[in-house]
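Novice: only the shape, not the letters, is given here:
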């Protein structure tokens, strides 16, 4: 990125909700207006196309990203240590199994995207069969810290 506008090769770097995002937008006279945002922290991509005068696709995409961050906490796969965790299967249908090589699993928590705890397990597996299809967050507590992973229920 170069210059005062943090712009280069068609992409601008801006700050939304205190995080760096990359964005690109454009318009065609007559009302077509588009904007794309890529959130580096979560990997979320938001694309907006509006056919209206006045067109404010950049404001709409920023509001959508802000809503995503505020409702999910900007959930990205996070870990407090470099050790890997293995979640199988993901996407899941009935049971999710967790392995943490070199770590002791203390417990699992299944959260919805609003951060509400839906289920807790003291084992290395969690039943998913009673939950509807969608995206969830699995919080894995080990003797070395917490790991947060996105899981998908089919």
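Specialist: Right, received. Where do you want to start? Because the structure is predicted, anything quoted here is derived from the model rather than measured.

Novice: low pLDDT regions in this protein?
Specialist: Low-confidence segments of the chain, defined by pLDDT under 70: 1-5, 55, 71-83.

Novice: can you give me the distance of residue 136 to residue 152?
Specialist: Residue 136 sits 8 Å away from residue 152, going by Cβ to Cβ, to the nearest Å. Yep, even glycine has a C-beta here, placed from its N, CA and C like the rest.

Novice: same question, residue 35
Specialist: 27 Å.

Novice: look at the two and report which has more neighbours.
Specialist: Neighbour totals were compared for residue 35 and residue 152, and residue 35 leads with 23 against 13 (other Cβ atoms under 10 Å).

Novice: bridged to the more buried one, which residues?
Specialist: residue 25, residue 48 (DSSP bridges).

Novice: ok, how many other residues are close to the spatially closest residue to residue 66 that is not a sequence neighbour?
Specialist: Distance criterion Cβ to Cβ, 6 or more residues apart in numbering; nearest residue to residue 66, sequence neighbours excluded, is residue 17 at 5.7 Å. Residue 17 is flanked by 14 other residues according to other Cβ under 10 Å.

Novice: ok, residue 17 - contacts?
Specialist: Residue 17 is in contact with 65-66, 69-70, 74, counting by Cβ atoms under 8 Å, 6 or more residues apart in numbering.

Novice: how about 10 Å then?
Specialist: Applying Cβ atoms under 10 Å, 6 or more residues apart in numbering, we find residue 17 in contact with 39, 41, 62, 65-66, 68-70, 74.

Novice: distance-wise, check it relative to residue 115.
Specialist: Taken as Cβ to Cβ, the span from residue 17 to residue 115 is 16 Å.

Novice: kindly report the same for residue 96.
Specialist: Where residue 115 is concerned, residue 96 sits at a distance of 18 Å (Cβ to Cβ).

Novice: neighbour-wise, which of these two wins?
Specialist: Higher neighbour count among residue 96 and residue 115: residue 96, with 24 against 12, using other Cβ under 10 Å.

Novice: next SSE after the strand or helix carrying that one?
Specialist: Counting by DSSP states H and E, the element that carries residue 96 is strand 95-99. Next in sequence after strand 95-99, counting helices and strands by DSSP H and E, comes strand 105-111.

Novice: could you tell me how far that next one lies from the centre of the chain?
Specialist: 19 Å (Cα atoms, centre = their mean, to the nearest Å).
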